[in-house]
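Enquirer: Below are the sequence and a predicted model for it; my questions follow.
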Amino acid sequence: MAVLGVGLAWDVHWFVPAVPMLTAAVVLGIGSAHLPGLRGVVRGIARPGLSFAGKRLMRVGIVLLGLKLSLHDVLGIGWATVVMVLAVVTATFFGTLWLGRRIG
């Protein structure tokens, strides 16, 4: 079912290039989860595979999309910016871990 969703998202992006494939996949996934005919399948037999695709594969896709969009721009600005971005990302990561443990 996830592969079918990727295929449909690819088709949407091909017909409307302004719509990113990842955005189309998210919208199609949300839509299919609420369609009366598919709701039972999505929440039943397809749930384990869709959960894996949504939790693991989509996160990887988002990270790769972010790298694709910003790495070239950051490197073009200079090394000082690269160091600043790495420091902010590191501080955010460890700050979130610390806050999550504090909150429980």
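Expert: Yep, it's here. In this text, all values refer to a predicted model and were calculated from it rather than measured experimentally.
Enquirer: R43 against L35, yeah?
Expert: No - using C-beta atoms under 8 Å, R43 is not in contact with L35; the gap is 11.4 Å. Where C-beta positions appear, they are placed from N, C-alpha and C, glycine not excepted.
Enquirer: For the nearest residue to G29 once chain neighbours are set aside, pull up the helix or strand it's in.
Expert: Closest residue to G29 apart from its sequence neighbours, by C-beta to C-beta, 6 or more residues apart in numbering: G5 at 6.0 Å. In the assignment (DSSP states H and E), G5 maps to helix 2-15.
Enquirer: Could you give me the buried positions within the helix or strand just after that helix?
Expert: Helices and strands here follow DSSP H and E; after helix 2-15, the next one along the chain is helix 21-34. Neighbour counts over helix 21-34 (16 or more other C-beta atoms under 10 Å) mark 21-22, 24-26, 28-29, 32 as buried.
Enquirer: can you check stretch 6-14 too?
Expert: For stretch 6-14, the neighbour count (16+ other C-beta under 10 Å) marks 6, 9, 12-13 as buried.
Enquirer: what does stretch 93-102 give?
Expert: For stretch 93-102, using 16+ other C-beta under 10 Å, no residue counts as buried.
Enquirer: Start at 6, not 1
Expert: Renumbered: residue one is now 6, and that last one reads stretch 98-107.
Enquirer: for the residue nearest in space to the middle of the chain, what are its contacts?
Expert: Nearest to the mean C-alpha position of the chain, by C-alpha atoms, centre = their mean, lies I67 at 3.5 Å. Contact analysis of I67 by C-beta atoms under 8 Å, 6 or more residues apart in numbering lists L27.
Enquirer: could you measure it against R106, distance?
Expert: For I67, the distance to R106 (C-beta to C-beta, to the nearest Å) stands at 24 Å.
Enquirer: quick check, nearest of the buried residues of helix 26-39 to M89?
Expert: Closest approach between the buried residues of helix 26-39 and M89, by C-beta to C-beta: L27, at 26.7 Å.
Enquirer: pLDDT wise, what is that closest one at?
Expert: Looking at L27, its pLDDT reads 80.
Enquirer: With only the CA atoms kept, save stretch 55-62 in PDB.
Expert: Only the C-alpha atoms of stretch 55-62 are listed here, as PDB (Å, rounded to 0.1, in the frame of the first residue of the first chain):
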ATOM      1  CA  LEU A  55       2.300   1.800   6.800                       C
ATOM      2  CA  SER A  56       3.500   2.600  10.400                       C
ATOM      3  CA  PHE A  57       7.000   1.500   9.400                       C
ATOM      4  CA  ALA A  58       6.800   3.600   6.200                       C
ATOM      5  CA  GLY A  59       5.500   6.600   8.100                       C
ATOM      6  CA  LYS A  60       7.800   6.500  11.000                       C
ATOM      7  CA  ARG A  61      11.100   5.300   9.400                       C
ATOM      8  CA  LEU A  62      11.100   5.800   5.700                       C
END
